[in-house]
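# Here is the input, now give the coordinates:
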Amino acid sequence: MFSDRVPGDLTPNRLTGAVARVRASGRAIVDLTLSNPTRAGLAYPAGLLAPLGGDEGLEYAPQPLGASAARRAVACEYRRRGFDVPVEHVALTASTSEAYGLLFKLLTNAGDEVLVPRPSYPLFDHLTRLELVVARPYDLEYHGRWSIDHASIERAWTPRTRAVLVVSPNNPTGSFITPDDLERLATLCADREAALIADEVFADYELEPGAAARAGRVPDVRRALTFSLGGLSKSVGLPQVKLGWIAVGGPAEFVADAMRRLELVCDTYLSVSTPVQAAAPALLRDGAALRAQIQSRISANWRGLHQMTSASPACRVLHAEGGWFAVVQVPRFESEDDLVVDLLESDGVLVHPGYFFDFPRESHLVMSLLPQEAAFADGVERILRRFAGRREPLS
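I've put the predicted structure just below:
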């Protein structure tokens, strides 16, 4: 009766089941998977969402690519980051996830393929499957810092490859794409008539000062057709407001054709609400205070994590440049699945196992840098206590 786009087995994984049991028991959990800024104890400015109630939201006059004022506000956001994105090259979406869906509709036929980074966020599996697209992984390698394994891209590429996805900074590795890697990908996509899709939702957040400025600048690429994705969810800490965007770049003739086709796709759905479009200029302006708080929080927790792990020789923090996640490599005395469940049930701390993100080998713990500082330090201390006195080499 049901399509294969939705998995047939929807049984919760072992960790999800353990979380439900612990919470049902009433025990407190130090949640180091928290990635929802509205639950992170940030001070949201009074009246921040008031523009959503303006009279402009009472009139429905849909524009497929989005209201002009809202698109101009997004173009201003790119200028703030040092990019010149024409307003006419911006399309609004309800979310980054929807943006992926629209682009898969624009670029692929059923059974076509897109290349996705590994490790990375597991959402790609669902997004591609729902659009009847095949996700083929390429590898990020870690040798003191993360870089793209270009040989793995060549191995993954087939005649049905239509796009390469990059996440900069990556979730969860925190690595920005380098200029050299970007140049190689842009050349490859241009030569083989594929598009480059860049998820830049975390681009405002640095863990290493100057990392964003040193990174490859996807919106500046002119050789290949590119799509840069962003949204209110991360840039100003408003995931509940539901506004994302696509900025299109590359050769003029490809951009013009892409915008005409994208307008038709967007016109079919008209999913972005009028109130949020009317409020977008004010939200992007006033939300900068939230962005500053998030940057301060993740920077403090990143420093604290390094200080705490420096006294724990059995564990190490993998190098990262941006975003709001950290990866800690720990000795493998048990499977990651056993480890994270036991950390939850015995120590009351919740983290993600590395295999959730397709890390090629164990053992890695992925944690958000967004929790309040005292809670974050408490959770990290509980984790490190487990490995105190253990000096076995990391695998």
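# from here on, contacts and neighbour counts on C-alpha atoms
Will do.
# now the strands for the stretch 201-350 of the chain?
All strands of the stretch 201-350 of the chain, identified by DSSP state E, counting those that start in this stretch, fall at 226-231, 244-249, 316-317, 325-329, 349-350.
# who does the third one pair up with?
The reference is to strand 316-317. As defined by DSSP bridges, the strand partners of strand 316-317 come to strand 325-329 (antiparallel).
# Residues contacting the partner strand, please?
Residues from elsewhere that reach strand 325-329 (CA atoms under 8 Å, 6 or more residues apart in numbering): 171-174, 302, 315-318, 320, 363-370, 394.
# what's the average pLDDT for that strand?
Mean pLDDT, computed over strand 325-329, is 98.
# do the same with stretch 102-116
Within the predicted structure, the mean pLDDT of stretch 102-116 is 98.
# how many neighbours does residue 217 have?
When counting by other CA atoms under 10 Å, one arrives at 18 neighbours for residue 217.
# now residue 140
Residues within reach of residue 140, counting by other CA under 10 Å, total 22.
# How about residue 106, nearest residue that isn't a chain neighbour?
With sequence-adjacent residues excluded and distances taken as CA to CA, 6 or more residues apart in numbering, residue 106 is closest to residue 262, at 6.5 Å.
# still on that earlier bit, with mean neighbour count as extra columns, can I get the strands of the stretch 201-350 of the chain in CSV?
Converted to CSV, those look like this (neighbours: other CA atoms under 10 Å):
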stretch, mean neighbour count
strand 226-231, 26
strand 244-249, 25
strand 316-317, 18
strand 325-329, 21
strand 349-350, 25
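# Just send those strands back as CSV, with distance to residue 6 too.
What follows is the strands of the stretch 201-350 of the chain, written out as CSV (distance: least, CA to CA, whole Å):
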stretch, distance to residue 6
strand 226-231, 25
strand 244-249, 24
strand 316-317, 36
strand 325-329, 28
strand 349-350, 27
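# Looking at those strands, spot the one closest to residue 55.
Nearest of those to residue 55, taken as CA to CA: strand 244-249 at 22.2 Å.
# and the closest one, which strands flank it?
Taking DSSP bridges as the criterion, strand 244-249 pairs within the sheet with strand 90-93 (antiparallel), strand 226-231 (antiparallel).
# Turn these into a markdown table, columns for distance to residue 121 and mean pLDDT.
Shown next, in a markdown table, are the strands paired with strand 244-249 (distance: least, CA to CA, whole Å; pLDDT from 0 to 100):
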| stretch | distance to residue 121 | mean pLDDT |
| --- | --- | --- |
| strand 90-93 | 20 | 98 |
| strand 226-231 | 15 | 98 |
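# Figure out which of those is closest to residue 37.
With CA to CA, the closest approach to residue 37 among the strands paired with strand 244-249 belongs to strand 226-231: 13.8 Å.
# Scan this structure for its longest strand.
Among the elements of the chain assigned as strand by DSSP state E, the one spanning the most residues is strand 134-142.
# Now that one: buried residues?
Within strand 134-142, the residues that qualify as buried by neighbour count (16 or more other CA atoms under 10 Å) are 134-141.
# For these, could you give me TSV that also reports distance to residue 241 and pLDDT?
Supplementary listing: the buried residues of strand 134-142 in TSV, determined by distance: CA to CA, whole Å; pLDDT from 0 to 100:
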residue	distance to residue 241	pLDDT
134	30	98
135	29	98
136	32	98
137	31	98
138	33	98
139	33	98
140	32	98
141	35	96
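# how near is the closest residue to residue 349 other than its chain neighbours to residue 363?
If the residues on either side of it in the chain are set aside, residue 349 comes closest to residue 30, at 4.6 Å by CA to CA, 6+ apart. For residue 30, the distance to residue 363 (CA to CA, to the nearest Å) stands at 20 Å.
# what does residue 58 give?
Taking CA to CA as the measure, residue 58 falls 53 Å from residue 363.
# Compare neighbour counts for the two and give me the winner.
When residue 58 is set against residue 363 and neighbours are counted by other CA under 10 Å, the residue ahead is residue 363, at 22 against 10.
# Need the pLDDT of the more buried one.
Among the per-residue scores, residue 363 holds a pLDDT of 93.
# gap between it and residue 335?
Summarising the geometry, the distance separating residue 363 from residue 335, computed by CA to CA, is 7 Å.
# Helix or strand for residue 378, just tell me which one.
Following DSSP states H and E, one finds residue 378 within helix 373-386.
# got the contact list for that helix?
Residues outside helix 373-386 that contact it (CA under 8 Å, 6+ apart) are 30-32, 297, 300-301, 304-305, 308-309, 312, 315, 343, 347, 349, 369.
# Kindly indicate which of those residues lies nearest residue 230.
Set against residue 230, the nearest of the contacts of helix 373-386 by CA to CA is residue 369 (20.0 Å).
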